[in-house]
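Novice: Have a look at this fold, sequence not included:
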């Protein structure tokens with residue numbers, strides 16, 4: 001033990017069932033907006049739990065959705081908010097620097113981290129619309145799943 005800290009800790013994990021519920025809710029939200037998107041859900045360390053491509057989504061959309069979800073877990077804030085912060089702190093090249101330094105990330109709107117009791121348990125990434133549309137779909141999915149009785153919450157308001 002270092003400084004009296006235990007060598008292990010309890011960790012909340014996003015379940016596969018919750019990941020599927022998030023995908024379904026995001027797809028329903030996108031369909032209401034008449035958008036064809038890809039949806040990715042990752043776990044607490046960025047592991048892929050579910051990816052779904054709606055009919056008509058672009059061939060790049062699943063990879064972009066995964067990168068948005070991964071970035072939301074890695075940085076623990078919605079991707080569009082981190083984009084703005086990186087631009088302010090590091091200038092115009094800040095976003096390029098960060099996405100190059102942290103492989104597999106993308107800082108376009110549409111990645112939303114999920115927290116339980118202050119711990120990141122995963123994230124939803126959406127790709128196929130404009131950034132604000134993708135983010136709204138991700139947040140709608142989280143809100144819907146929370147309404148189903150899961151313990152997942154979003155960091156951002158719709």
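Specialist: Yep, that arrived. In this text, all values refer to a predicted model and were calculated from it rather than measured experimentally.
Novice: contact partners of the host helix or strand of residue 19?
Specialist: Applying DSSP states H and E as the criterion places residue 19 in helix 16-32. If you take C-beta atoms under 8 Å, 6 or more residues apart in numbering as the criterion, helix 16-32 is touched by 36-37, 39, 41, 43, 49-52, 54, 122, 124, 126, 128-129, 136-138, 140-142, 144-145, 148, 150, 152. (Glycine included, C-beta is placed from N, CA and C.)
Novice: Mind checking which of those are buried?
Specialist: With neighbours counted using 16 or more other C-beta atoms under 10 Å, the contacts of helix 16-32 contain these buried positions: 36-37, 39, 41, 43, 49-52, 54, 122, 124, 126, 128-129, 136-138, 140-142, 144-145, 150, 152.
Novice: Now intersect these with the helices, please.
Specialist: 136-138, 140-142, 144-145 (DSSP state H).
Novice: Which one of those is nearest to residue 67?
Specialist: Proximity of these to residue 67, judged by C-beta to C-beta, is greatest for residue 138, which lies at 13.5 Å.
Novice: Name the single longest strand found in the protein.
Specialist: strand 119-127 (DSSP state E).
Novice: Show me what that one is packed against.
Specialist: If you count contacts as 3 or more C-beta pairs under 8 Å, 6 or more residues apart in numbering; DSSP states H and E, strand 119-127 packs onto helix 16-32, strand 38-43, helix 61-75, strand 111-116, helix 131-147.
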